[in-house]
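Enquirer: predicted structure and sequence below. I'll ask about it afterward.
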Amino acid sequence: MTEKEKMIAGEFYDSHVPELMAGCARSRRITSQLAVTPMSDEATRQKLFRELFGATVKKFLIENTFNGDYGYNIFLGENFFANVNGIFLDDSPIRFGNNVMLAPAVQIYTATLQLVAAERNSGLEFAWPVTIGNDVWIG
C-alpha cells in the first residue's frame with residue numbers, strides 16, 4: 001500500500017512522503033485562493049471547492065476562511081453550510097450528510113498521533129474517518 005492508501009485506510013502512515021506533502025501543498029494553494037475570493041463571487045468559490053473536495057453537491061455554502069489538510073477526503077451532503085474559520089483535518093474521510101450546519105470555528109480532526117511518546121517519536125501517524133449524519137447542527 002502507498003502511504004496515502006494507508007492514511008485513508010486508518011493504518012499507520014508517514015505524512016512526510018512526497019505524495020502526501022504535494023496533497024497538502026495543493027490544499028494550501030486552493031484555500032489561499034479561496035481566502036482572497038470575495039463571498040460575492042460564488043461561481044469562483046464553488047469551482048475552487050469542487051476542485052478541492054472529494055465530492056460536493058449542488059447546494060452548499062462555506063464562509064471564509066476555511067482550512068484543511070488535503071481536501072480530497074471531504075464529502076459534502078446536500079444543503080451544507082459552514083460558518084467562518086472552519087478547519088477540517090481530512091487525513092481520513094470526513095463525510096457530511098444532508099442539511100448539516102456548522103457554527104463558526106468548528107474543527108473536525110481525523111488525524112491523531114500515538115499516545116506513548118516513544119512510539120509517537122517514530123513520526124508515524126494514523127487517522128480515523130468522521131461521519132456526520134443528516135440534519136445535524138454543530139455549534
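Expert: Now that the structure is in, tell me what you want to look at.

Enquirer: leaving out sequence neighbours, find the closest residue to M21.
Expert: Once flanking residues are discounted, M21 sits nearest to S15: 7.8 Å by C-beta to C-beta, 6 or more residues apart in numbering. Where you see a C-beta, it was placed from the backbone N, CA and C, and this is true even at glycine.

Enquirer: wait, doesn't the one you found sit right on E3?
Expert: Yes: S15 is in contact with E3 according to C-beta atoms under 8 Å; the separation is 7.5 Å.

Enquirer: elements contacting the lowest-mean-pLDDT helix or strand in the chain?
Expert: When each helix and strand of the chain is scored by mean pLDDT, DSSP states H and E, helix 117-120 comes last, with a mean of 82. Where contact means 3 or more C-beta pairs under 8 Å, 6 or more residues apart in numbering; DSSP states H and E, helix 117-120 is not packed against any helix or strand.

Enquirer: good, we can wrap up now.
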